[in-house]
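> Predicted model and sequence below, questions to follow.
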Amino acid sequence: MTPTGTTSTDKVLQRRRAGVLLHISSLPSASGCGTLGESAYRFVDFLAEAGATVWQTLPLGPVDDDLSPYKSISAHAGNDQFIDVELMKKNDWLPEGFHPEGDSYHWPAVADTAFEYFLSAAHSLSTERRKAYDIFCIEQAFWLRDYALFCCLKKYHDNKPWHHWQKVFASRDSGALQQFSVDHQQALQRVYFEQFVFFHQWQALKHYANQKGIFLFGDIAIFVAHDSADVWANPALFQLDGQGNPITVAGVPPDYFSEYGQHWGNPHYHWQVMQDSGFKWWIQRITTQQHCFDIIRIDHFRGLEAFWEIPWPSEDARQGWWTPAPGEALLSAIFQALPEVELVAENLGVITVDVENLRKKFGLAGMAVLQFGFDGNAENPHLLHQQEVQQVVYTGTHDNATSREWYESLDENTRSAITDYLFNSSQTMPGLLINAALSSVAKLAIIPMQDLLALGSEGRMNTPGTVGKNWKWQFDWQQVSPSLASELHSAIHRYGR
């Protein structure tokens, strides 16, 4: 689906654009987690009023206890926490007059009631809705059944990781799974319904955004979580030992984010097995995301050229090594199967000539992050005069400090050098960095919402290499000044975006 007035061949990066980075979880919500409801539609309206034409989010998948969207339990499923209950009530997905216990309108509080109502009222509700549900279950069966089984089995085993389940279930004994499906049929169907609701609400939001001329920019983590439906359902596609433990895990060596490197813990792919299948799993994964987004960023793109292997169970990322990956063969297969897909490469970190050659061979736009540009090196690729047209420029990303926090942490000499580089402007931060990004030659400029709101450390989304405080930031509409949209519109127009 593309914005009204465009054709299926239109590309986001065909012309200069500006957009905003904001994850769904960061939308205002009384439940503590943003949803696909009123605030999401209001945010689309804000973007349209501001002249922005791109909304970038983080991955949409369900998450585990550390809340990281880059460690999802499914490469296909949507996060049910994003389902909006008010929309359910408004559109007759809940019984008339129904109120959940307490003041919470969080999806888990109403999921059982909504599912029971859907089953009992199926004949009195629109037959189109029931038909849409049936079609969804059939079309998404290639991942949906395994995901539902994974969720139900995980609950059955007191939330233990799949490789600690009863052996017949961990090893996917067909007879045991068939009997479990019979015994837990309604629980499985509830998961189907939950995913149907999520994607119904997501597609409605996407349609609204596209009608307003807003493209949706998605993000997929290159790896999936070890304790995920994907690894459990497809163990041959991953490097696992006989007990289901990873042989090596993903991460990165020391870089500007962490002097000790990063230990992500994701199992590595068995690339030869994937290649022998024509990369079917990857093509299906990209297809799911293509239905959700107009443009997709591949996080940690450099892992498609070579990936950092850390021996399991070591927790020290510095003990790893680089291993070649079949990125060229993978991308060839993806573009042959999905010629219209538009991909962006997250080419940050330890980037080699081979990584850049791979990206450029397939015409993928890369990234530039202004916060990384001011190290005193005039050839730094993140500086404005070094940036490329086929590129996405950011003031900062979800892994960075907010631009205000970043600037305030710098020494006076570096601050002076930044002011000098940006034409000795008297404008304050983060406005100065926002205007610099918008002025870039890069086709797409993305500004984190935190920078538009001029937030400091209180607005940080993630600090790589840490756990416990990440992925929880939400903004409040009271933080959005009445003039913000018009001010952003003027800046976007000024730089021809």
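Yep, it's here.

> if we look at stretch 407-418, which residues are touching it?
Phe374, Gly376, Ala401, Met429, Pro430, Leu432, Leu433, Gly456 (Cβ atoms under 8 Å, 6 or more residues apart in numbering). C-beta: built from backbone N, CA, C; applies to glycine.

> and which of the residues you listed is nearest to Ala148?
In terms of Cβ to Cβ, no member of these lies closer to Ala148 than Ala401, at 39.4 Å.

> For that closest one, report the pLDDT, please.
You'll see Ala401 listed with a pLDDT of 97.

> Repeat that for Leu27.
pLDDT for Leu27: 98.

> Tell me the spatial nearest neighbour of it, not counting adjacent residues.
Nearest residue to Leu27, sequence neighbours excluded (Cβ to Cβ, 6 or more residues apart in numbering): Gly34, at 3.0 Å.

> Would you mind confirming that that neighbour is in contact with Ser26?
Yes - counting by Cβ atoms under 8 Å, Gly34 does reach Ser26; the two are 5.7 Å apart.

> contacting residues around stretch 462-478?
With contact meaning Cβ under 8 Å, 6+ apart, stretch 462-478 is reached by 22-23, 25-29, 32-34, 39, 42, 63, 66-69, 257-258, 260, 262, 398-399, 449-450, 453, 458-461.

> what about it, average pLDDT?
93.

> do stretch 248-258 as well
For stretch 248-258, mean pLDDT is 87.

> Same question for stretch 419-439.
pLDDT averaged over stretch 419-439 gives 96.

> now do stretch 295-309
97.

> gap between the two ends of that stretch?
This stretch, stretch 295-309, spans 29 Å end to end (Cα to Cα, to the nearest Å).

> Measure how far that stretch is from the centre of its chain, please.
Offset of stretch 295-309 from its chain centre (Cα atoms, centre = their mean, to the nearest Å): 14 Å.

> Tabulate the CA atom coordinates of stretch 79-86 in CSV.
Coordinates of each C-alpha in stretch 79-86 appear next as CSV, following Å, rounded to 0.1, in the frame of the first residue of the first chain:
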residue,chain,number,x,y,z
ASN,A,79,3.5,-6.8,19.8
ASP,A,80,0.0,-7.3,21.3
GLN,A,81,0.8,-4.5,23.8
PHE,A,82,0.3,-2.1,21.0
ILE,A,83,-3.4,-3.1,20.5
ASP,A,84,-5.6,-0.2,21.4
VAL,A,85,-8.6,-1.0,23.5
GLU,A,86,-10.5,2.2,22.8
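
> Next, the buried residues of it.
Judged by neighbour count (16 or more other Cβ atoms under 10 Å), stretch 79-86 contains these buried residues: Asn79, Asp80, Gln81, Phe82, Ile83, Asp84, Val85.

> Likewise for stretch 411-429?
Buried positions in stretch 411-429, judged by neighbour count with 16+ other Cβ under 10 Å: Ile418, Tyr421, Leu422, Met429.

> how far does it sit from the chain's center?
33 Å.

> try stretch 26-39
17 Å.

> In strands only, show me the contacts of stretch 462-478.
Gln262 (DSSP state E).

> filter the contacts of stretch 462-478 to the buried ones?
Listed as buried from the contacts of stretch 462-478 are 22-23, 25-29, 33-34, 39, 63, 67-69, 257-258, 262, 398-399, 449-450, 453, 459-461; burial here means 16+ other Cβ under 10 Å.

> re the thing from before, please flag which of the buried residues of stretch 411-429 sit within helices.
Taking DSSP state H as the definition of helices, these contribute Ile418, Tyr421.

> can I get the contacts of stretch 407-418 in CSV with distance to Phe136 and secondary structure?
Compiled in CSV, the contacts of stretch 407-418 are given as follows (distance: Cβ to Cβ, whole Å; DSSP: H, G, I helix; E, B strand; the rest coil):
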residue, distance to Phe136, secondary structure
Phe374, 49, coil
Gly376, 54, coil
Ala401, 41, coil
Met429, 46, coil
Pro430, 42, coil
Leu432, 47, helix
Leu433, 43, helix
Gly456, 43, coil
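
> Of those residues, which is the most crowded?
Neighbour counts for the contacts of stretch 407-418 peak at Pro430, which has 28 neighbours (criterion: other Cβ atoms under 10 Å).

> can you pull the contacts of it?
Counting by Cβ under 8 Å, 6+ apart, Pro430 touches Thr395, Thr402, Ser403, Arg404, Tyr407, Asp451, Ala454.

> before we move on, what about Pro246?
By Cβ under 8 Å, 6+ apart, Pro246 lies in contact with His226, Phe238, Gln239, Leu240, Gly265, Asn266, Pro267, His268, Trp312.

> Now the residue nearest to it when sequence neighbours are not counted. Its backbone dihedrals?
Closest residue in space to Pro246, ignoring its immediate chain neighbours: Pro267 at 3.7 Å, by Cβ to Cβ, 6+ apart. Reported as degrees, to the nearest 10, the phi and psi values for Pro267 are phi -70, psi 150.

> any idea how far Pro267 is from Gln203?
31 Å (Cβ to Cβ, to the nearest Å).

> between the two, which one's more packed in?
Pro267 (26 against 14).

> Looking at strand pairing, list the partners for the more buried one.
Taking DSSP bridges as the rule, Pro267 bridges to Val249.

> how much space between it and His226?
To His226, Pro267 is 5 Å away according to Cβ to Cβ.

> ok, Val191 to Asn91 distance?
Here Val191 is placed at a distance of 21 Å from Asn91 (Cβ to Cβ).

> The two: who's more crowded?
Taking other Cβ under 10 Å, Val191 and Asn91 do not tie; Val191 has more neighbours (21 against 13).

> just to revisit the earlier point, right, and out of the buried residues of stretch 411-429, which lies closest to Ala233?
Among the buried residues of stretch 411-429, and counting by Cβ to Cβ, the member closest to Ala233 is Met429, at 47.3 Å.

> I'd say the closest one and Thr402 touch.
No - Met429 is not in contact with Thr402 according to Cβ under 8 Å; the separation is 9.7 Å.

> Ala114 belongs to a helix?
Yes - using DSSP: H, G, I helix; E, B strand; the rest coil, the assignment for Ala114 is a helix.

> Please state the offset of stretch 303-320 from the chain centre?
22 Å.
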